[in-house]
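**Q** Dropping a prediction and its sequence here:
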Amino acid sequence: MARQNVTLSLDRDIYEKYKNFCQKKAIALSRSVELFMEERINEKK
């Protein structure tokens, strides 16, 4: 699978809270976003 770097503009507080959440749960933030995107794509099918 090819990787794609992206630049996002996010609310700073939300980003920091989610980043901390991922760190506490030992979740890779980028993988978490990928899973979120996959779930949204599959909902439409």
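**A** Alright, I've got the coordinates.
**Q** longest helix in this structure, by residue count?
**A** Across the chain, the helix with the greatest residue count (assigned by DSSP state H) is helix 29-43.
**Q** can you tell me the average pLDDT over that one?
**A** For helix 29-43, mean pLDDT is 93.
**Q** pLDDT wise, what is the closest residue to L29 other than its chain neighbours at?
**A** Distances taken as Cβ to Cβ, 6 or more residues apart in numbering put C22 closest to L29, at 4.6 Å, once the chain neighbours are dropped. C-beta here means a position set from N, CA and C on the backbone, and glycine is covered the same way. For C22, the model assigns a pLDDT of 94.
**Q** C22: which element?
**A** C22 belongs to helix 12-24 when assigned by DSSP states H and E.
**Q** Identify each buried residue in that helix, please.
**A** Residues of helix 12-24 classed as buried under the neighbour-count rule (16 or more other Cβ atoms under 10 Å) are Y18, C22.
**Q** Thought A28 was touching the residue nearest to L29, still the case?
**A** Yes. When contacts are counted by Cβ atoms under 8 Å, C22 is listed as touching A28 (7.1 Å).
**Q** sorry, back to before: show me what counts as buried in the longest helix of the chain.
**A** Per 16+ other Cβ under 10 Å, helix 29-43 contains no buried residues.
**Q** Just the CA atoms of it, as PDB, please.
**A** Below are the C-alpha coordinates for helix 29-43, written out as PDB (Å, rounded to 0.1, in the frame of the first residue of the first chain):
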ATOM      1  CA  LEU A  29      -2.900   8.700  15.300                       C
ATOM      2  CA  SER A  30      -2.500   8.300  11.500                       C
ATOM      3  CA  ARG A  31      -3.900   4.800  11.600                       C
ATOM      4  CA  SER A  32      -6.800   6.000  13.700                       C
ATOM      5  CA  VAL A  33      -7.700   8.500  11.000                       C
ATOM      6  CA  GLU A  34      -7.400   5.800   8.300                       C
ATOM      7  CA  LEU A  35      -9.800   3.600  10.200                       C
ATOM      8  CA  PHE A  36     -12.200   6.400  10.600                       C
ATOM      9  CA  MET A  37     -12.100   7.100   6.800                       C
ATOM     10  CA  GLU A  38     -12.500   3.400   6.000                       C
ATOM     11  CA  GLU A  39     -15.600   3.200   8.200                       C
ATOM     12  CA  ARG A  40     -17.200   6.200   6.600                       C
ATOM     13  CA  ILE A  41     -16.500   4.800   3.100                       C
ATOM     14  CA  ASN A  42     -18.000   1.500   4.000                       C
ATOM     15  CA  GLU A  43     -21.100   3.100   5.500                       C
END
